[in-house]
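Peer 1: generate a structure from the sequence data that follows.
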Amino acid sequence: MMNRFEGSSSREAKIRYLDGDFQIVLAGSHVVCAMTGKAIPVDELRYWSVARQEPYVDAAASLEAEKRAGALPNQRR
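Peer 2: Prediction:
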């Protein structure tokens, strides 16, 4: 088993974001938040957009992305 300090420890993972799950396409230690640019360890990834295929560091970043995309109900652009 590989730990986070071996092999892919500094490489960005490539991930396919699915409903309620994700699939690792290319192994890596982290992904980069689409809103903040912060690195998110793969084992801590909890927020993403299936439609935009983007990861987010937290719920606030996810909400801001939804607002910017005009994806919230009753939202004016």
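
Peer 1: give the buried residues for the helix or strand bottoming out on mean pLDDT in the chain.
Peer 2: Lowest by mean pLDDT, DSSP states H and E among the helices and strands of the chain is helix 59-69, with a mean of 95. Across helix 59-69, burial judged by 16 or more other C-beta atoms under 10 Å covers 61-62, 65-66. Glycine gets a C-beta too; all of them are placed from N, C-alpha and C.

Peer 1: residues contacting the most centrally placed residue in the chain?
Peer 2: Centroid check for the chain by C-alpha atoms, centre = their mean gives residue 55 as the closest residue, at 1.6 Å. Neighbouring residues of residue 55 by C-beta atoms under 8 Å, 6 or more residues apart in numbering: 15, 17, 31-34, 40, 45, 47-48.

Peer 1: residue 56 now?
Peer 2: Residue 56 touches 33-35, 40, 47-49, 62, 65, counting by C-beta under 8 Å, 6+ apart.

Peer 1: for the buried residues of helix 59-69, which one is nearest residue 21?
Peer 2: Distance to residue 21 across the buried residues of helix 59-69 (C-beta to C-beta) is lowest for residue 62, with 16.1 Å.

Peer 1: residue 29 contacts residue 40, correct?
Peer 2: No. Contact criterion C-beta atoms under 8 Å: residue 29 and residue 40 do not qualify, at 9.9 Å.

Peer 1: can you give me the strands for the protein?
Peer 2: 14-18, 21-26, 30-32, 39-41, 47-49, 54-56 (DSSP state E).

Peer 1: list the buried residues for stretch 50-57?
Peer 2: 54-57.

Peer 1: pick the one among the residues you listed closest to residue 10.
Peer 2: Distances from residue 10 to these, taken by C-beta to C-beta, are shortest for residue 55, at 17.2 Å.

Peer 1: distance of the closest one relative to residue 72?
Peer 2: Here the criterion is C-beta to C-beta, to the nearest Å. By it, residue 55 lies 19 Å from residue 72.

Peer 1: cool, and residue 39?
Peer 2: 27 Å.

Peer 1: and those two? which has more neighbours close in?
Peer 2: Counted by other C-beta atoms under 10 Å, residue 39 and residue 72 do not tie: residue 39 has more neighbours, with 14 against 10.
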